[in-house]
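K.L.:
Coordinates for the following, if possible.
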Amino acid sequence: MSYGDKTAVDGLSLAVDRGSITAVLGPNGAGKTTTLETCEGYRRPHSGRVRVLGLDPIADRRRLLPRIGVMLQGQGAWSGVRAMEMLRHIARLHAHPLDVDMLSDRLGLDECGRTPYRRLSGGQQQRLGLAMALVGRPEIVFVDEPTAGMDPAARRTTWELLREMRADGVTVVLTTHYLEEAEQLADRVHIIDHGRLIASGSPLELTRGGTAATIRLVVTRPFPPGAPDSLRIALGDATEVTQLDERSLLVIGPADSTTLARVSHWCEEQGVLPESLTLGRRSLEDVFLELTGRELQP
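P.N.:
Next comes the predicted model:
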């Protein structure tokens, strides 16, 4: 998919398993939203093939729409409509909708049900948008930033609801800027950048470094030039060193007392002061930064 001279999606190939939660992650401008909008039938790909539930989102649109739910970034609600009016209207468009009052109670919409959409907070608009996507009992639901603007309690409730949908056989495809959310929810994660797929796997597959442990070193000021290569030489060939940002390094290898002592000695030689030295496995954020070189920003 291209916009003028810019290629937004560049030969992207991925699959989503039925009855799973799949996260599509990438930096801003990576092609996530374009990919989802193509699957939803809002955009026609310039080349390639897209199938959702075995159907072409464009040619088979009338057959596909009753079977999918979509949570748009702009939500799709009218400015002056009251929250529960909008949800009940959407429910009436479906043959066998979920119980509106149950869904409203689960997502905390009762407190704002009579409030016009334009006066809802960002988190309330997100909850209404999610309810609109789920009320029709979709077989697959596309959710774009489902918990943006929500407080922690509402976010946890949303996670529980999405897990329940998966348990009922619903396929969930989500984009999110909260990497913890993807790590907690997703059965599989696809990371894309510059319109291409650069990594796929379960959160565990992406974050584990084989049998090696990890050390995350954060210092108080930026590292000097050539820091990763210098530390790699100091630690030996059995260790990988990746610079995550100007003040963070990730060390993958034997995490024994000798390695820790060498890292401390290297910091002293380089004249950098450690702010933290964390021993453990890589997080999804670490993997994302390694692959893209950029933080995931809302």
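K.L.:
mind checking how far S230 is from V272?
P.N.:
11 Å (Cβ to Cβ, to the nearest Å). Backbone N, C-alpha and C define where each C-beta goes, glycine included.
K.L.:
for R67, that is, sorry about that
P.N.:
Distance of R67 to V272, given as Cβ to Cβ: 56 Å.
K.L.:
Kindly report the same for D110.
P.N.:
For D110 relative to V272 (Cβ to Cβ), the value is 53 Å.
K.L.:
Please name the nearest non-neighbouring residue to T147.
P.N.:
Nearest residue to T147 in three dimensions, chain neighbours excluded: R155, at 4.3 Å (Cβ to Cβ, 6 or more residues apart in numbering).
K.L.:
element containing V218, please.
P.N.:
Take DSSP states H and E as the rule and V218 turns out to sit in strand 213-219.
K.L.:
tell me what that strand is packed against?
P.N.:
Other elements packing on strand 213-219 under the criterion 3 or more Cβ pairs under 8 Å, 6 or more residues apart in numbering; DSSP states H and E are strand 248-253, helix 257-270, strand 274-280.
K.L.:
Out of these, which is the most enclosed?
P.N.:
strand 248-253 (a mean of 21; mean count of other Cβ atoms under 10 Å).
K.L.:
That one versus helix 257-270: what angle between them?
P.N.:
150 degrees (axes from the mean of the first three to the mean of the last three Cα atoms, to 10 degrees).
K.L.:
In the sheet, which strands lie alongside strand 248-253, parallel or antiparallel?
P.N.:
Paired strands of strand 248-253, with direction, are strand 213-219 (antiparallel), strand 240-245 (antiparallel) (DSSP bridges).
K.L.:
ok so, going back, more crowded one of R67 and V272?
P.N.:
Per other Cβ atoms under 10 Å, whichever of R67 and V272 has more neighbours is V272, with 19 against 14.
K.L.:
Which stretches in this protein count as helices?
P.N.:
32-39, 61-64, 83-92, 100-106, 122-134, 152-167, 179-185, 203-207, 227-235, 257-270, 284-292 (DSSP state H).
K.L.:
Nearest to R247, out of those helices?
P.N.:
Closest of the helices of the chain to R247 is helix 227-235, at 10.2 Å (criterion: Cβ to Cβ).
K.L.:
same for the closest one, what does it pack against?
P.N.:
Using 3+ Cβ pairs under 8 Å, 6+ apart: helix 227-235 touches strand 240-245, strand 248-253, helix 257-270.
K.L.:
residues in contact with R118?
P.N.:
79-80 (Cβ atoms under 8 Å, 6 or more residues apart in numbering).
K.L.:
how near is it to A148?
P.N.:
18 Å.
K.L.:
What sits closest to R166 if chain neighbours are left out?
P.N.:
Nearest to R166 is I21, by Cβ to Cβ, 6+ apart, at 5.3 Å.
K.L.:
Next one, pLDDT for that neighbour please.
P.N.:
On pLDDT, I21 comes in at 97.
K.L.:
can you tell me how far it sits from L36?
P.N.:
Counting by Cβ to Cβ, the gap from I21 to L36 is 14 Å.
K.L.:
can you check L235 too?
P.N.:
42 Å.
K.L.:
likewise D10?
P.N.:
Taking Cβ to Cβ, one finds D10 at 16 Å from L36.
K.L.:
Give me the more crowded residue out of those two.
P.N.:
L36 (22 against 14).
K.L.:
I am assuming that one contacts V24, so please confirm or correct that.
P.N.:
Yes. With contact defined as Cβ atoms under 8 Å, L36 counts as touching V24 (7.0 Å).
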